[in-house]
Each structure stands twice: as structure tokens, then as C-alpha cells.
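sequence and predicted structure, then a few things I'm wondering about:
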Amino acid sequence: MSDKEPEEKKKKPLPPLFNFINAGLSGMAATCFVHPMDVIKNRIQIQREKISVGKVITSIYKDEGILKFYSGLSAGLVRQATYTTVRLGIYNQLQEYWKQNYVGKPNFGVLSLMAATAGSIGAFVGTPAEVALVRMTADGRLPPEQRRNYKNVFNAFTRISREEGVTTLWRGSVATMGRAVVVNVSQLATYSQAKFLISSKMRIPEGIGLHFSASMLSGFLTTFNSMPFDVTKTRIQNLKDVGKPPGMIVMLMSIARSEGIKALWKGFWPTYCRVGPHTVLTLLINEQIVKLYRLYAT
């Protein structure tokens, strides 16, 4: 009897509220490790001239100090607390709804629609933190007299609302939502397939090694597909208060015309080096939180 009790507890479905909270906590914890890549890729994307990853890293380290690699961390954490919590929470709840109302597993089209819906809603909710993140990570490259010098993400929210209007917090939301749709659908389409190919061709068993390899392969394709949206939304969100900001398509075409089509993939490698590890860390931390919850709270 006593041997069966733990098994029964493990099989109990997790409460929806816990799933939402766990999603946010996992994403926030993973962000603490990969945030420097966000700083580097944002610095590269806002510059019109071509610049290498190595030069950006050296410039930040020499001119601003090692701690600047974590500038805007509070915004990155709030972004995860909003975007990731909503995105994963809605996606999981949509799958749960399907299980309760339909027979069999949803096909790829339905899963893609779920992922796109969850991603776009999550991105809209997380856009204010995204705007603050872009500005805080890019601040150090501006001349001292032009820097915004936000103290933290909440100070950024307050000042942006007061100085530029509340709607500025959602500047670039269309591009951010477009990127989220591409990222979510791309990850859904490639991660499972990557796992299958790697495990069958390279004989890598289920575990951290397989998850990491599949995430990095999936991350490459996801990053490539989403980069034009990422560069566009970064440029829009970093703009000074110049009245009505340009739309996503206008900004995208402007970048391609004035800087070349390759400019839409600026910051590719820092973004790629963030996507894969962040996915792996989020999943691993997520699993550990579930284990702790089942061990101590059930």
C-alpha cells in the first residue's frame, strides 16, 4: 500500500496555476544564464554599420565593465514572467482542452495553430518588458548625454509612460507577435523531428545530450526564420520619441534597402547561442521544479 501511494501521487495531473507559475520560473532561471547573449545581439542589431560579435564583447568589457553584460536583466526576468508564463501556460491549457473534448492527438496543423495563438498572446503581454529590455541593453553604446539611464524595469515602465505615453510600451508589438508566431511554430515543427533524427541516426539515448543536440539544431532553423522580425522589432523599440513609429513592413523594407538584405540577420550567432541553451535549461529546470513540487507539496 505504502509503495503504491507515491506512484499514484506522481500520476496526478498538475494544477493549471502551477503549470503557469512553473513556466515563468523556469524561463526566468534560464535567462539568468543566457542574458549576456541578449545584450550582445541587441547591441549588434541597433547598429547600422557591420560589427563582429568579438568586437562588441571586447567593447562592452573594456568600456563599460563585465557587469554590463547583465544590463537590463530585470527587464529580461519580467519578460519571462509575462511572455513565457502566458505562452507556455496557454499552450498547455489548449492541449488539455483538446484531450478533454476530442479523441486522439491533435494533428500538426492544430498544434501549429495552438502554438501560434499562445505565442502571439504571450508576445503582446510581454511587449512592455521587451521594449524596456531592448533600451536597457542598448543604453551603454549611446553617448552619456543621450543615455536613458533607467534604474530598473519598473523605472523604465514609469518613465516611458510619463515621457512618451503608455502606448509606447507596446511599440513594435506587431513585429514582436510576428516573431513569436514564427518561433513557436518553427520550434514545434523542428524540435521533435530533430530529436527523432538524432536519436535514430546517431544513436543518442533519451537524456540531456539528446535534448541539447535537438534544441541546438531546432534553434538554428528557428533563429534563421525569426531573425528579420527580431531585428525589425529591436530597431522600432529602440527609437527615440519621434511621433508615430514606422510599421513593421516599412522598417523591414527600410533596413533591407539601406543596409542590404543580410542586415535582417544581424546578431544571428548570439541569438542562436541563446535560443538552444535557453530551451534546454528551461526544460531541465521545469522538470526539477515539478519533482520538488511532487516531493514536498503533494
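All right, it came through fine.

tell me the SS of residue 150?
coil (DSSP: H, G, I helix; E, B strand; the rest coil).

grab the nearest non-local neighbour of it.
Distances taken as C-beta to C-beta, 6 or more residues apart in numbering put residue 156 closest to residue 150, at 3.9 Å, once the chain neighbours are dropped. Every C-beta, even on glycine, is put in place using the N, C-alpha and C of the backbone.

same thing with residue 95?
Residue 95 sits nearest to residue 114 (C-beta to C-beta, 6+ apart), 6.7 Å away.

what's in contact with the helix or strand hosting the residue nearest to residue 150?
Element membership for residue 156 (DSSP states H and E) is helix 153-164. Helix 153-164 has contacts (C-beta atoms under 8 Å, 6 or more residues apart in numbering) with 72, 74-75, 77-78, 128-129, 131-133, 135-136, 148, 150, 168-169, 241.

list the buried ones in it?
153, 156, 157, 159, 160, 164 (16 or more other C-beta atoms under 10 Å).

and the end-to-end length of stretch 98-110?
10 Å (C-alpha to C-alpha, to the nearest Å).

now do it: distance to the chain's middle.
26 Å (C-alpha atoms, centre = their mean, to the nearest Å).

with stretch 227-244 instead?
17 Å.

got the contact list for it?
Contacts of stretch 227-244 (C-beta under 8 Å, 6+ apart): 42, 45-46, 130-131, 134-135, 138, 163-164, 168, 171-172, 175-176, 178-179, 182, 245-246, 248, 251-252, 255, 263-268, 271.

over to stretch 24-40?
Residues contacting stretch 24-40 (C-beta under 8 Å, 6+ apart): 53, 56-57, 60, 68-73, 76-77, 79-85, 88, 133, 137, 267, 270-271, 273-274, 277-278, 281-283, 285-286, 289.

can you flag which of those residues belong to helices?
53, 56-57, 60, 73, 76-77, 79, 85, 88, 133, 137, 270-271, 273-274, 277-278, 281-283, 285-286, 289 (DSSP state H).

of the contacts of stretch 24-40, select the buried ones using a ChimeraX command.
Applying 16+ other C-beta under 10 Å to the contacts of stretch 24-40 leaves a buried subset, and the ChimeraX line that selects it is:
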select :53,56,57,60,68,69,71,72,73,76,77,79,80,81,82,83,84,85,88,133,137,267,270,271,273,274,277,278,281,282,283,285,286,289
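
rewinding a little: so how far is residue 92 from the residue nearest to residue 150?
30 Å (C-beta to C-beta, to the nearest Å).

what of residue 68?
36 Å.

swap in residue 112?
With C-beta to C-beta as the criterion, residue 112 and residue 92 are 16 Å apart.

cool, and residue 167?
31 Å.

shouldn't residue 245 be in contact with residue 171?
Yes. Contact criterion C-beta atoms under 8 Å: residue 245 and residue 171 qualify, at 5.6 Å.

neighbour count: the two, which is higher?
residue 171 (24 against 17; other C-beta atoms under 10 Å).

surely that one touches residue 131?
Yes. Look at residue 171 against residue 131 with C-beta under 8 Å: they come within range, at 5.8 Å.

ok, back up a step: contacting residues around the residue nearest to residue 95?
Residue 114 touches 91, 94, 95, 98, 106, counting by C-beta under 8 Å, 6+ apart.

and the residues you listed, which of them are in helices?
91, 94, 95, 98.

which residue packs closest to the second one, ignoring adjacent ones?
By that I understand residue 94. residue 114 (4.4 Å).

one step back: could you measure from the residue nearest to residue 150 over to residue 230?
20 Å.

same deal with residue 132?
From residue 132 to residue 230 the distance is 16 Å (C-beta to C-beta).
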